[in-house]
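In: sharing a sequence plus its predicted fold:
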Number of protein chains: 2
Amino acid sequence: MLSKNTVKFIKSLHQKKYRVESGKFFVEGEKSVVEVLQSDFKVDLLLVTQEFTSKYAQLVDGAGVEVLQVTPNQLEQVGQYQSNDAALAVVHMKPNQAFVPGKEELILALDEVRDPGNLGTIIRIADWYGIQKLIFSPHTADFYNPKVIQASMGSFTRVQFYYGELAEAFQNWKMPVYGAFLEGTSIHQLTDPKPGVLLLGNESQGISKEVEKWVTNKVTIPSFGGAESLNVAIATAIFCDNFKRLLSK
Amino acid sequence: MLSKNTVKFIKSLHQKKYRVESGKFFVEGEKSVVEVLQSDFKVDLLLVTQEFTSKYAQLVDGAGVEVLQVTPNQLEQVGQYQSNDAALAVVHMKPNQAFVPGKEELILALDEVRDPGNLGTIIRIADWYGIQKLIFSPHTADFYNPKVIQASMGSFTRVQFYYGELAEAFQNWKMPVYGAFLEGTSIHQLTDPKPGVLLLGNESQGISKEVEKWVTNKVTIPSFGGAESLNVAIATAIFCDNFKRLLSK
């Protein structure tokens, strides 16, 4: 049975303050819950409908966590989905640990990307292009925001990330930093990029002055028409596509 | 002065039914209103704040339309923006007229793209890549939906479009139709594309069976990681970028 306290607790996880306090976040919807159960995230509590239980009996039983049977109505009450007839999982956040670049081709860095929908979409794009390591400046949207989780479409389970000062990381990593600007080398003219960091900036301000100092190559998406700019998630996709095309040649 | 009837009328334009009935739609926010005033759209009524009037005196005077001085509060009351301290324009819709392909490199076709945010983002992408002609299947989201206008960031003023049966158009046009599928020729392997139609399908169903018959080349975005798919606007951007790169070689 779903207690009032549990309802209150899950609802509190809509806010970053309570996620940080409890060290937990929630994941909702069939696809994302299945993916988080199959990932290395530690699930704490599972709310499931009868339908979900019958479809994923083995996964639910094997989860080794507290399972509560609920109705779609109850899921919609505690989560943010307007319609959810499957499941919701309360999950432990991972510690914020700095990574060191390995032999991967590309690391994605975000400087103050504020919109959760953009961040989630970017995580999905990174996952599509096999980019597993992401670094976010401290004021980038919160990875565990339910809107980020939703927009990532399960890809949040397959990336490694940390929040930290970009300038500091770039200084330590000593890799080329390809920064996205409205003026720079056209990504269509780039012929021989090296493995490195792909850096995208804030939705309206772009890359901050302090971080710009560490950019070794300014790159841009060539424009053929009248639009002044592209959305940051769209730009990320186009840069990733070009880099992967060139790096896998 | 803003009358109750005008308030009621503008509010009715949030719904497609009343847009169709009146032949009008609305545009809000500084950038979009400025762009629509400078475009070939016929503006019917202009709601402006004092700030907007001082900044764009010439444009407002030269518009030759009824101008009402309003407060930001009033703009927020009639429009969909949570915050709008600039302007809102009521604008005449354009007649739905079929175009014939000219010597342009690329025409963009959408088969049942339902989400207004996706459609608006796609219009902005088309504009960035200089794609001026778009064709939408009958049940694609409404171009004049306020969310489409918002997401297009002014690009809605620079594209030509019509709603019609795609199969019929493709049959008449006799051009290559490049259809986006999860399986097809990798867009990174494509070497010599011809000017033609770039076709994207519905968010969950993809390209419909009936329209698929007219696809001459199935193309796909190569995947390097775990994500199963990409958002349709993201995919459109990646296809446009690759086609423009290859066609302008």
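Out: Ah, there it is.

In: show me what from chain A comes close to chain B.
Out: By the criterion of C-beta under 8 Å from any C-beta of the partner chain, the positions of chain A lying close to chain B are A:121, A:124-132, A:153-155, A:158, A:188, A:221-231, A:233-234, A:237-238, A:241-242, A:244-245, A:248. C-beta here means a position set from N, CA and C on the backbone, and glycine is covered the same way.

In: can you select the buried ones among those for me in PyMOL?
Out: PyMOL command restricting the residues of chain A next to chain B to the buried ones, with burial defined by 16 or more other C-beta atoms under 10 Å in any protein chain shown:
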select buried, chain A and resi 121+124+125+126+127+128+129+130+131+132+153+154+155+158+188+221+223+224+225+226+227+229+230+231+233+234+237+238+241+242+244+245
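
In: among the residues of chain A next to chain B, which lie within helices?
Out: Members of the residues of chain A next to chain B lying in helices (criterion: DSSP state H): A:121, A:124-128, A:233-234, A:237-238, A:241-242, A:244-245.

In: export these as CSV, with columns for pLDDT.
Out: CSV is the format used below for those (pLDDT from 0 to 100):
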residue, pLDDT
A:Thr121, 98
A:Arg124, 98
A:Ile125, 98
A:Ala126, 98
A:Asp127, 98
A:Trp128, 98
A:Ala233, 98
A:Ile234, 98
A:Ala237, 98
A:Ile238, 98
A:Asp241, 98
A:Asn242, 98
A:Lys244, 96
A:Arg245, 96
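
In: the strands in chain A, which residues?
Out: Listed in chain order, the strands of chain A (DSSP state E) span residues A:24-28, A:43-48, A:66-69, A:87-92, A:106-110, A:133-136, A:160-163, A:177-186, A:196-200, A:217-220.

In: quick one: terminal-to-terminal distance for stretch A:61-72?
Out: Terminal residues of stretch A:61-72 lie 20 Å apart, using C-alpha to C-alpha, to the nearest Å.

In: now do the buried residues in that stretch.
Out: For stretch A:61-72, burial by neighbour count (16+ other C-beta under 10 Å) applies to A:63, A:67, A:70, A:72.

In: pull the residues that contact that stretch.
Out: The set of residues external to stretch A:61-72 that reach it, using C-beta atoms under 8 Å, 6 or more residues apart in numbering or on different chains, is A:1-2, A:6, A:37, A:43-50, A:53, A:60, A:83-85.

In: number of residues surrounding A:Asn145?
Out: Residues within reach of A:Asn145, counting by other C-beta atoms under 10 Å in any protein chain shown, total 21.

In: would you confirm that it contacts A:Gly117?
Out: No. With contact defined as C-beta atoms under 8 Å, A:Asn145 does not reach A:Gly117; the gap is 9.6 Å.

In: pull out the buried residues from the contacts of stretch A:61-72.
Out: Among the contacts of stretch A:61-72, the ones that count as buried by 16+ other C-beta under 10 Å are A:2, A:6, A:37, A:43-49, A:53, A:60, A:84-85.

In: including pLDDT, could these go into a markdown table?
Out: Listed next are the buried ones among the contacts of stretch A:61-72 as a markdown table, based on pLDDT from 0 to 100:
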| residue | pLDDT |
| --- | --- |
| A:Leu2 | 91 |
| A:Thr6 | 97 |
| A:Leu37 | 97 |
| A:Val43 | 97 |
| A:Asp44 | 97 |
| A:Leu45 | 97 |
| A:Leu46 | 97 |
| A:Leu47 | 98 |
| A:Val48 | 97 |
| A:Thr49 | 97 |
| A:Thr53 | 96 |
| A:Val60 | 94 |
| A:Asn84 | 96 |
| A:Asp85 | 96 |
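
In: alright, calling it a day.
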